[in-house]
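Student: The amino acid sequence is not available; the structure is as follows:
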């Protein structure tokens, strides 16, 4: 239906001009007002020399202005290069140099003499006097829309090149996956320089819905004020933010059990205790855990708010996604619990490649198929079962064991705050599980009790041979377990 997110916004500005489009901590705009804002920013940027094909590095903010600037760049035909909020000058300069950026837009002047820099405040001065740019053409589906820089799991910064076709396919995967209705009002506190938050925003714009951007989940009063003010029907959360909301809001989420249609989670695994608590508070709400990456987006969705959830299940493929299980030579296999392989995905959502890195691109992308580093299989119900990352999955005497399954089970033990599982060599079985546990404050570590608890719930070969206490389980900013640090 649309070739770009911009096309969708302009369309809905014509047919539903007075409908709420987007709100942030300071203001709210209808579709008509938002489209006008986009056109005015496009005029400002064009006056400063930005033209089709230029790269513009933009510091992310949880604001309407930031997202309007992205669409303004689309209107011009320029390429959006977002960087995290409060990104240091040296890092901004690095991204600008890599992309030969025509301009840097930031909160504060980064003082980089080699580049044209403008602050949000400086751009606002032009905006207030600007006339909306006339729409004479819209981006094509195959035009590059953005480059998202990600460090991934290797620590190497990679620029993921995405086209407007990718953005639309990603939006559709989210929209149809969560069964988004036309009157959806979704609150998104996730950082908008990351693919996670951006793609939830894209999905709502594609469907003509309303988005409420939240700066932080730490302010519970603002969180629930927004829920009431805008009639929020859906929320997007990363697991770390979900844990904060559960802790700070106590039981208040239950007041919205008949109003919240769904919450979607991603970017890291959800702790089992948080899943259980949310299911208890919101029995009628669809609680989606999604599987994906910056390279291919939301490719699988699973509603874990069910009576009998499957261990390791990440759901069924989204509408534009085909899942393929392959062997180490990238040859498709007929997968099963006894015949696992590498997870690969095919579809219009897959990235174009990595910016100026042919070798890295070829390591994961071939003939439009993205090959992950994850091991799994497709079960008899057509659902994808994820065992873990290649190298993390534990081969115990020929049995493939998911470290995530062990961790999820261990976290049900009342005294454990967090844990992480890794493989260690064993002379008889090849490898066996070793579990590191972080106890809750004031709780005593007892490996025998923990092992007995796990053994009552898992098959014998999955029970950790070694269980040791650690002061802190290493995790990234968004909650991902840093398994290499445990190793």
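Tutor: Noted; the coordinates are in hand. Here the structure is a predicted model, which is why all the values come from computation and not from measurement.
Student: Below-threshold pLDDT in this structure: ranges please.
Tutor: Residues of the chain meeting the criterion pLDDT under 70: 151-156, 477-478.
Student: so where's the longest helix in it?
Tutor: Longest helix in the chain by number of residues, with DSSP state H as the criterion: helix 31-47.
Student: What's the first helix or strand after that one?
Tutor: Read in the C-terminal direction, the helix or strand following helix 31-47 is strand 55-59, with elements assigned using DSSP states H and E.
Student: Can you give me every residue that contacts residue 184?
Tutor: Residues counted as contacts of residue 184 (CB atoms under 8 Å, 6 or more residues apart in numbering) are 204, 207, 209, 210, 233, 234, 261. No exception for glycine: its C-beta is placed from N, CA and C like everyone else's.
Student: Next: residue 298.
Tutor: Contacts here follow CB under 8 Å, 6+ apart; on that basis residue 298 touches 170, 173, 174, 177, 199, 266, 290, 291, 292, 318, 349.
Student: now the closest residue to residue 337 other than its chain neighbours, what's its secondary structure?
Tutor: The shortest distance from residue 337 to any non-neighbouring residue, by CB to CB, 6 or more residues apart in numbering, is to residue 377 (6.1 Å). Three-state assignment for residue 377 (DSSP: H, G, I helix; E, B strand; the rest coil): strand.
Student: Also residue 73?
Tutor: Here residue 73 takes the helix state, with states given by three-state DSSP.
Student: Counting neighbours, what do you get for it?
Tutor: Residue neighbour count, defined by other CB atoms under 10 Å, stands at 29 for residue 73.
Student: related to what we said a few turns ago, tell me the one of the contacts of residue 184 nearest residue 186?
Tutor: Each of the contacts of residue 184 was scored against residue 186 by CB to CB, and residue 234 proved nearest at 4.3 Å.
Student: Start and end of stretch 459-473, how far apart?
Tutor: With CA to CA, to the nearest Å as the measure, the ends of stretch 459-473 fall 25 Å from one another.
Student: List the buried residues for it?
Tutor: With burial defined by 16 or more other CB atoms under 10 Å, the residues of stretch 459-473 counted as buried are 462, 463, 464, 467, 469, 470, 473.
Student: Just to check, the third one is in contact with residue 406?
Tutor: Going back to what we said before, that points to residue 464. Yes - A contact is recorded between residue 464 and residue 406 when judged using CB atoms under 8 Å, the distance being 6.4 Å.
Student: Could you name every residue contacting both of those two?
Tutor: By the contact definition CB under 8 Å, 6+ apart, residue 464 and residue 406 are jointly contacted by 421, 433, 435, 454.
Student: Could you look up the SS state of the second one?
Tutor: Under three-state DSSP, the three-state class of residue 433 is strand.
Student: how close does the spatially closest residue to it that is not a sequence neighbour get to residue 483?
Tutor: Closest residue to residue 433 apart from its sequence neighbours, by CB to CB, 6+ apart: residue 464 at 4.3 Å. Going from residue 464 to residue 483 by CB to CB, to the nearest Å gives 14 Å.
Student: picking up where we left off before, identify those among the contacts of residue 184 that sit within strands.
Tutor: Where the contacts of residue 184 overlap with strands, as defined by DSSP state E, the overlap consists of 210, 234.
Student: Can you tell me which of the contacts of residue 184 is nearest residue 34?
Tutor: Relative to residue 34, the closest of the contacts of residue 184 is residue 210; by CB to CB it sits at 10.5 Å.
Student: hang on, that closest one packs against residue 186?
Tutor: Yes - using CB under 8 Å, residue 210 is in contact with residue 186, at 7.2 Å.
Student: Give the residues shared as contacts by the two.
Tutor: With CB under 8 Å, 6+ apart applied, the overlap between the contact sets of residue 210 and residue 186 consists of residue 204.
Student: Provide a list of residues in contact with residue 191.
Tutor: Counting by CB under 8 Å, 6+ apart, residue 191 makes contact with 60, 62, 84, 85, 197.
Student: Just give the nearest non-adjacent residue to residue 178, would you?
Tutor: In space, and not counting its chain neighbours, residue 178 is closest to residue 262: 5.2 Å by CB to CB, 6+ apart.
Student: What degree of burial does residue 201 show, as a neighbour count?
Tutor: 23.
Student: Check which helix or strand it maps to.
Tutor: Mapping residue 201 onto the secondary structure by DSSP H and E places it in helix 195-206.
Student: Which strands and helices lie in contact with that helix?
Tutor: Secondary structure elements in contact with helix 195-206, counted by 3 or more CB pairs under 8 Å, 6 or more residues apart in numbering; DSSP states H and E, are helix 5-15, strand 144-150, helix 164-177, strand 185-188, strand 210-213, strand 234-237, strand 297-303.
Student: all helices for the chain, in order.
Tutor: Per DSSP H, the chain has helices spanning 5-15, 31-47, 64-76, 89-99, 120-129, 164-177, 195-206, 220-230, 239-249, 272-281, 358-364, 403-410, 447-455, 483-486. These are given in chain order.
Student: which residues sit against the first one?
Tutor: It refers to helix 5-15. For helix 5-15, using CB under 8 Å, 6+ apart, the contacting residues are 1-2, 19, 21, 31-32, 34-36, 38, 71, 74-75, 135, 138-139, 145, 164, 167-168, 171, 202, 205-206, 208.
Student: buried subset of these?
Tutor: Of all the contacts of helix 5-15 considered here, the ones buried according to neighbour count by 16+ other CB under 10 Å are 2, 19, 21, 31-32, 34-36, 38, 71, 74-75, 138-139, 145, 164, 167-168, 171, 202, 205-206, 208.
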